[in-house]
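Asks: Provided below are the primary sequence and the corresponding predicted coordinates.
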Protein chains: 2
Amino acid sequence: MQGPRTVAEQVANVLREAIANGTIKAGTPLRQDELAEQFGFSRMPIRDALRQLEAEGIVSIHPTKGAQVARMDSAEISEIYALRELLESEALRLSVPGLAGAKLDEAEQVLDQIDAERNVGRWGALNRAFHLALYDACGNHRLLGLIEAHHNAADRYVRILLSNLDYRNRSQTEHRDLLAACRRRDGDKAISILRQHLREGSETLVSAIREDGLSRKS
Amino acid sequence: MQGPRTVAEQVANVLREAIANGTIKAGTPLRQDELAEQFGFSRMPIRDALRQLEAEGIVSIHPTKGAQVARMDSAEISEIYALRELLESEALRLSVPGLAGAKLDEAEQVLDQIDAERNVGRWGALNRAFHLALYDACGNHRLLGLIEAHHNAADRYVRILLSNLDYRNRSQTEHRDLLAACRRRDGDKAISILRQHLREGSETLVSAIREDGLSRKS
DNA sequence: GGATGTATACGGGCATACTTATATCCACAA
DNA sequence: TTGTGGATATAAGTATGCCCGTATACATCC
């Protein structure tokens, strides 16, 4: 696993993380020369990075008008969660029968790490790692790619969720139930837990966003 | 609906169509200077176009090694069709209850156009238009975007299917059955027809590719 | 006073030039 | 003869500069 091969990739990674952890807020205009100066590179790799992030749905680009961090209203959050439910249920259904014990142990370790982790910034990545571990045996690379893409797109909002201790505890309980169902090879039960888990996340998030007024449109 | 606003978009559109209709075959290296000279522009907009196509899954880029038309083996075709089944079933389920009569009429007109159309190159676009018309009322923009993306990715292979008269006739029969079920607001029946339709397409395509030896890996 | 036209500034698209990385081939040695 | 090392060529990555489209503000006309 080698690091980023081009400057554009490095820039994309830094920007992605900055957007995910809230350092750069939704709607912020991303000017090429400004970023170029900050990163110490020219505008060209920054352009490439912005295109990459646009493809991931994190940034929106309007020709001749420039790029900005994609704004998401509650409707779009709902859409993403509806898609996550669809995609991840399918991945889980395909994966459960073939899930190796080692993968399940790996997933359990991730849950323990989440409980032990004090650094807020790590929770998002660990949360994702747990979910992806369970889907690992689904056998459809594109499906996994789509799931990862949607995690990326929603990451900065998921982190809002995870900063809430109440939600985090409930979430962990559900995670362990989910893992147990997978160990029993009870795919149907696992799926129903997952769906419930995602619905709660969606509802919690939508109401949080509505009251925080983060949903102002562009 | 205005045309492409930038050179990069024009280039992307031309390349996408050329790849879809087989003018540029899978595995063909896409060199920046070469394309720049052919199109009469510099490498920069070509780079942008290639990144765009990479995001769509039509082109694969390896840093410092260049871009090539993405190769797809039969396993990947199967994956895409499995995803289409998942995504389009859901879109149809959501859309059927709210489908306006006008949209259904529009879909029917598209079917008539397919029957009348003699130009092979148009079938792909018409086929897509029919399917998308039925999903129009699903209410999830991202879902529609994903469906369109998968149509794009598989387009050049779908055209292989559609050039087969036998398949085309069967396909049209299923299309009309599907439309009828939608008119009756029978979502379950519509979905089962759609799933069958896509499974047939997948199987026909996979065997066609296997015997034509188009599945050689990179 | 409101609407329409015009000037100016800002910023992104595109072109050109330079740098760096990878692959290929040939020379030389084991 | 084969393998390894380095030189060279090719093509992508990156830097910089210019041009043009869009926006904002101010002026002018109805």
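Replies: On my side now, so go ahead. Since this is a predicted model, take the numbers as computed values, not measurements. Numbering: from 1, shown residues only, chains lettered A, B, ... in the order given.
Asks: what's around the closest residue to chain B within chain A, how many residues?
Replies: The nearest approach of chain A to chain B comes at A:A55, 3.3 Å away (CB to the nearest CB). Where C-beta positions appear, they are placed from N, C-alpha and C, glycine not excepted. As a burial measure, A:A55 scores 17 neighbours (other CB atoms under 10 Å in any protein chain shown).
Asks: so what's it scoring on pLDDT?
Replies: Looking at A:A55, its pLDDT reads 90.
Asks: contacting residues for the nearest residue to it once chain neighbours are set aside?
Replies: Nearest residue to A:A55, sequence neighbours excluded (CB to CB, 6 or more residues apart in numbering or on different chains): B:A55, at 3.3 Å. By CB atoms under 8 Å, 6 or more residues apart in numbering or on different chains, the contact set of B:A55 is A:R51, A:Q52, A:E54, A:A55.
Asks: Then A:V110?
Replies: A:L126, A:A129, A:F130, A:A133 are the contacts of A:V110 under CB under 8 Å, 6+ apart.
Asks: ok, now A:I193?
Replies: A:E174, A:D177, A:L178, A:A181.
Asks: Then A:E79?
Replies: A:E79 neighbours (CB under 8 Å, 6+ apart): B:N140, B:H141, B:R142, B:L143.
Asks: do that again at 6 Å, thanks
Replies: With contacts taken as CB atoms under 6 Å, 6 or more residues apart in numbering or on different chains, A:E79 has the following neighbours: B:N140, B:R142.
Asks: wait, does stretch A:153-173 contact chain B?
Replies: No - Stretch A:153-173 is not in contact with chain B by CB under 6 Å from any CB of the partner chain; minimum separation 8.8 Å.
Asks: before we move on, back to that, out of the contacts of A:I193, who's the most crowded?
Replies: Highest count within the contacts of A:I193 by other CB under 10 Å belongs to A:L178, 24 neighbours.
Asks: Now that one: which helix or strand?
Replies: helix A:165-183 (DSSP states H and E).
Asks: What distance do you get for A:A153 to A:E200?
Replies: A:A153 sits 19 Å away from A:E200, going by CB to CB, to the nearest Å.
Asks: the more surrounded of those two?
Replies: A:A153 (22 against 16).
Asks: how about the nearest residue to the more buried one, chain neighbours excluded?
Replies: Of all residues not flanking A:A153 in the chain, A:G57 sits nearest, at 4.4 Å (CB to CB, 6+ apart).
Asks: next one: A:S89
Replies: A:I191 (5.0 Å).
Asks: Shouldn't the one you found be within a helix?
Replies: Yes - if the criterion is DSSP: H, G, I helix; E, B strand; the rest coil, then A:I191 is within a helix.
Asks: That one reaches A:E88, doesn't it?
Replies: No - using CB atoms under 6 Å, A:I191 makes no contact with A:E88, being 8.9 Å away.
Asks: Check A:V206 and give its pLDDT.
Replies: Per-residue confidence (pLDDT) for A:V206: 91.
Asks: do A:K217 as well
Replies: pLDDT at A:K217 comes out at 38.
Asks: Where does the residue nearest to A:A153 sit, in terms of helix or strand?
Replies: Judged by DSSP H and E, A:G57 forms part of no helix or strand.
Asks: Can I get the contacts of A:V110 in TSV including distance to chain B and neighbour count?
Replies: Below are the contacts of A:V110 laid out as TSV (distance: CB to the nearest CB, whole Å; neighbours: other CB atoms under 10 Å in any protein chain shown):
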residue	distance to chain B	neighbour count
A:L126	25	19
A:A129	23	16
A:F130	22	22
A:A133	20	23
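Asks: can you give me the helices in chain A?
Replies: Remark: helices assigned in chain A by DSSP state H are A:7-20, A:32-39, A:43-55, A:74-95, A:101-116, A:120-135, A:141-162, A:165-183, A:187-212.
Asks: can you pull the contacts of the residue nearest to the spatial centre of chain A?
Replies: The centroid of chain A falls nearest to A:H151 when counting by CA atoms, centre = their mean (2.3 Å). Counting by CB under 6 Å, 6+ apart, A:H151 touches A:R128.
Asks: Same check on the one 5 residues further on?
Replies: Contacts here follow CB under 6 Å, 6+ apart; on that basis A:R156 touches A:I19, A:A20.
Asks: Quick check: residues of chain A near DNA strand C?
Replies: Residues of chain A lying close to DNA strand C by CB under 7 Å from any atom of the strand are A:5, A:29-33, A:43-44, A:47, A:61, A:63-67.
Asks: Look up the closest residue to A:I114, ignoring the ones flanking it.
Replies: A:L126 (4.9 Å).
Asks: could you check the distance from that neighbour over to DNA strand C?
Replies: Distance, A:L126 to DNA strand C, by CB to the nearest atom of the strand, to the nearest Å: 31 Å.
Asks: mind giving me the domain ranges of chain A?
Replies: For chain A, automatic domain parsing gives the domain ranges A:7-69, A:74-212.
Asks: shaky segments in chain A?
Replies: A:1-3, A:212-218 (pLDDT under 70).
Asks: What residue in it comes nearest to DNA strand C?
Replies: Closest to DNA strand C within chain A is A:G66: 3.1 Å, counting by CB to the nearest atom of the strand.
Asks: Count the neighbours of A:S95 for me.
Replies: Residues near A:S95, counting by other CB under 10 Å: 24.
Asks: was I right about it contacting A:Y135?
Replies: Yes - using CB under 6 Å, A:S95 is in contact with A:Y135, at 5.0 Å.
Asks: got a list of what A:S163 touches?
Replies: Applying CB under 6 Å, 6+ apart, the residues near A:S163 are A:V120.
Asks: Could I get the phi/psi values of it?
Replies: phi -80, psi -10 (degrees, to the nearest 10).
Asks: how close does it sit to B:G22?
Replies: Distance from A:S163 to B:G22, by CB to CB: 51 Å.
Asks: picking that back up, can you check which of the helices of chain A gets nearest to DNA strand D?
Replies: Closest of the helices of chain A to DNA strand D is helix A:7-20, at 2.9 Å (criterion: CB to the nearest atom of the strand).
Asks: and the closest one, how far from the chain's centre?
Replies: Offset of helix A:7-20 from its chain centre (CA atoms, centre = their mean, to the nearest Å): 15 Å.
Asks: for it, packing partners?
Replies: helix A:43-55, helix A:141-162 (3 or more CB pairs under 6 Å, 6 or more residues apart in numbering or on different chains; DSSP states H and E).
Asks: Can you redo those as a markdown table, where the extra columns are distance to DNA strand D?
Replies: Shown next, in a markdown table, are the helices and strands packed on helix A:7-20 (distance: least, CB to the nearest atom of the strand, whole Å):
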| stretch | distance to DNA strand D |
| --- | --- |
| helix A:43-55 | 4 |
| helix A:141-162 | 20 |
